[in-house]
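Trainee: got a sequence here, can you build the structure:
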Amino acid sequence: MLERHHTPFIATDRDPDAVTAYRRRGREVYYGDATDPAFLKSCGLMQAPAVIVTIHDQAAIDDIVRVARELRPDVLIVSRARDAAHARHLYAIGVSDAVPETIEASLQLSEAALVGLGLPVGPVIASIHEQRDAFRRQLQDVAGRAGRTTTRSIRAKTTL
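Mentor: Predicted structure coming up:
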């Protein structure tokens with residue numbers, strides 16, 4: 001989606017085959033460990049407006065978030081989360097926004113069902129966004145993060 005919206009970014013991966021495949025397609029991808037502060041700095045973390053964490057490994061997500069937040073207290077960090085409990089945990093350790101897979105799947109299912117039943121797309125999408133925001137506020141409140149702004153525009157290179 002970053003490419004689709006003409007937002008430049010770099011990516012990292014610990015899988016050398018994936019890095020090679022993405023580079024062959026012209027993407028800026030680097031091989032390395034995103035839990036390593038020196039590696040993150042070499043990827044441009046100190047100038048990046050955001051860190052987007054998309055991996056599955058919860059322990060590695062935690063490590064990346066902690067390192068990035070320690071190096072850049074001001075950077076936007078958006079991370080994938082397994083479920084609501086994982087999202088609350090991520091908010092507690094410093095993510096700007098967590099995207100719980102289970103909640104997103106439910107919202108997508110709801111949208112497809114409502115539109116499939118003939119409801120107008122616009123109001124359905126608006127209600128899905130409202131519900132997503134309500135879930136986010138609830139998760140942040142439980143994690144002690146009420147009132148923190150999580151939406152910022154991303155205009156320069158995005159790391160991870």
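Trainee: in what helix or strand does the residue of the chain most remote from its centre lie?
Mentor: Distance to the chain centre peaks in the chain at Gly118, reaching 31.6 Å (criterion: CA atoms, centre = their mean). For Gly118, there is no host helix or strand (DSSP states H and E).
Trainee: what does it show for phi and psi?
Mentor: Note on Gly118: backbone dihedrals following degrees, to the nearest 10 are phi 100, psi 10.
Trainee: dump the residue contacts of Leu139.
Mentor: Contact partners of Leu139, counting by CB atoms under 8 Å, 6 or more residues apart in numbering, are Ala84, Ala87, Arg88, Tyr91, Ala98, Pro100. Every C-beta, even on glycine, is put in place using the N, C-alpha and C of the backbone.
Trainee: show the subsequent helix or strand relative to whichever strand or helix holds the third one.
Mentor: Meaning Arg88. Using DSSP H and E, Arg88 sits in helix 84-93. The first helix or strand that comes after helix 84-93 along the chain, using DSSP H and E, is strand 97-100.
Trainee: and that following strand, how far out from the chain middle?
Mentor: Centroid separation for strand 97-100 versus its chain: 6 Å, with CA atoms, centre = their mean, to the nearest Å.
Trainee: what lines up beside it in the sheet?
Mentor: strand 76-81 (parallel) (DSSP bridges).
Trainee: what's the spacing between the partner strand and its chain's center?
Mentor: 3 Å.
Trainee: could you give the mean pLDDT of the helix holding Arg88?
Mentor: Mean pLDDT, computed over helix 84-93, is 94.
Trainee: using PDB, write out every CA atom in that helix.
Mentor: Taking C-alpha atoms only, helix 84-93 is exported to PDB below (Å, rounded to 0.1, in the frame of the first residue of the first chain):
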ATOM      1  CA  ALA A  84      -6.400  -7.800  21.500                       C
ATOM      2  CA  ALA A  85      -4.200  -9.000  24.400                       C
ATOM      3  CA  HIS A  86      -1.100  -8.700  22.200                       C
ATOM      4  CA  ALA A  87      -2.200  -5.200  21.100                       C
ATOM      5  CA  ARG A  88      -2.700  -4.100  24.700                       C
ATOM      6  CA  HIS A  89       0.800  -5.300  25.400                       C
ATOM      7  CA  LEU A  90       2.300  -3.500  22.500                       C
ATOM      8  CA  TYR A  91       0.500  -0.200  23.500                       C
ATOM      9  CA  ALA A  92       2.000  -0.700  27.000                       C
ATOM     10  CA  ILE A  93       5.600  -1.000  25.600                       C
END
